[in-house]
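Trainee: Would you be able to build a 3D model of this:
(one chain, ligands or ions: 1)
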Amino acid sequence: MLQLDRKTVTREVSNAQIEAGGGTIVEIDGDTPWQEAATQISGAVQVDIRFPSFKDGRGFSLATLLRERAGYTGRLRAVGDLIPDQAQFLHRVGFDDVAPDRTDLDADWARARARFTHAYQPAQDRVTPIFGQRTATPKDDLAALNARYRGADAIDILRDAIRNEWTGRIAILSSFGAEAAVGLHMISQVAPDTPVIFLDTGRLFAQTEQYQRALTDQLGLTNIRMVRPQAEEAMAEDPDDKLWQRDPDACCALRKVRPLDNVIGDYDALITGRKRFHGGERMALPVVERLDGRIRVNPLASWSAQQVTDYFQRYDLPRHPLSDMGYASIGCWPCTAPVQDDDDVRAGRWSGRSKTECGIHTPSRIAAE
Ligand code: SF4
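Mentor: This is a model prediction of the structure:
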């Protein structure tokens, strides 16, 4: 722990949330002047505002000013002496979560925490209460967005999504698989500090891990967010490391779906690299869709395999080490096999089973449009 001054403590954190991204959590006393606080939180992935007493309201003011004046759109957490009755107001001024010192009110806090369900979105005006702005993109916007992006270049879609539509509240989900370098290269051109969520299932090929590190360095990506399954859950549900064999759906839920669910609340939109030519359920993939109340942006939805190949060549991007060995789509080692030239690109995933998707993009979870 590094003590900076009386008011602020910056912790290098080692959990999966920001591992490898070099991110920091900054803790600030509630009485810190907002201009001073604004300089101290630069680059932080989370800001904790400390309340010395639940009767001291200065933390509320600081949160409001960081949101409205400083334009801070990252994660904001209230810590210290707080009571459950304050939950609604904490939410209203822009907090995403709360970590009270007192533990004797856990049951009340559990109920109150249910209010912290909507991600913060930057203010569009100074009239609407912040609480009112913390809602998902209206359903009707999807049709307009898809119309706007129809025929647009993928990098222009990415640029608009990152810089205009979901500024500060968007991440890209990447497997660092066979085609991942295309979308990641575009990210490096538009905003290399965009969070890159990498689901480390514990079952990845060693080559994928090496590729992740090498590609991250080469592209200058600065915000890799490693997301891993909970160790306790993995021990309880997969004690013999054979869950993938017995019940691959349960294994994907443990190692992919639930870990992603644990962090997805930090974003309003996720960028994916899915493409229609992958076949199956992806053949009807829209550029923008809603899944469980959050947006998925698929800027490469209309791309062909040839376009992917051409992009690799044009920018001299490194291929995944397994690509030359016949692996056209690369996930976990127990569930990935090489394919023949005339096979579908994803034929090597869960080969011999009816399973075709891991569940993080399950179409049944997509709200009907
Ligand atoms: S792809 Fe296979 S090993 Fe990986 S999480 Fe799913 S079932 Fe488990």
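Trainee: For the rest of this, base every contact and every neighbour count on C-alpha atoms.
Mentor: OK.
Trainee: could you pull out the strands for the protein?
Mentor: For the chain, the strands defined by DSSP state E occupy 2-3, 8-12, 24-29, 46-51, 75-80, 97-100, 170-173, 196-199, 224-227, 269-271, 288-291, 294-297.
Trainee: Export the ones you listed as TSV, with columns for distance to R258, mean pLDDT and mean neighbour count.
Mentor: Output for these, formatted as TSV (distance: least, Cα to Cα, whole Å; pLDDT from 0 to 100; neighbours: other Cα atoms under 10 Å):
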stretch	distance to R258	mean pLDDT	mean neighbour count
strand 2-3	33	32	10
strand 8-12	25	40	17
strand 24-29	23	86	22
strand 46-51	21	90	24
strand 75-80	20	88	22
strand 97-100	19	86	20
strand 170-173	14	97	25
strand 196-199	11	97	22
strand 224-227	10	96	24
strand 269-271	16	96	26
strand 288-291	15	88	22
strand 294-297	15	92	22
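Trainee: for the ones you listed, which one sits closest to L243?
Mentor: Among those, the nearest to L243 by Cα to Cα is strand 196-199 (17.5 Å).
Trainee: follow-up on the earlier one: which one of the strands of the chain lies closest to the ligand?
Mentor: For the ligand, the closest of the strands of the chain is strand 196-199, at 9.5 Å, according to Cα to the nearest ligand atom.
Trainee: For S61, the count of nearby residues, please.
Mentor: Other residues lying near S61 total 15 when counted by other Cα atoms under 10 Å.
Trainee: any idea how far it lies from the ligand?
Mentor: 44 Å (Cα to the nearest ligand atom, to the nearest Å).
Trainee: For that residue, give its distance to P299.
Mentor: Distance, S61 to P299, using Cα to Cα, to the nearest Å: 39 Å.
Trainee: likewise A44?
Mentor: Distance from A44 to P299, counting by Cα to Cα: 28 Å.
Trainee: What residue in the stretch 251-369 of the chain comes nearest to the ligand?
Mentor: For the stretch 251-369 of the chain, the residue closest to the ligand is C252, as judged by Cα to the nearest ligand atom, at 3.7 Å.
Trainee: ok so, going back, of A44 and P299, who's got more company?
Mentor: Counted by other Cα under 10 Å, A44 and P299 do not tie: P299 has more neighbours, with 26 against 17.
Trainee: burial count for the nearest residue to the more buried one once chain neighbours are set aside?
Mentor: Once flanking residues are discounted, P299 sits nearest to A154: 4.9 Å by Cα to Cα, 6 or more residues apart in numbering. Residue neighbour count, defined by other Cα under 10 Å, stands at 19 for A154.
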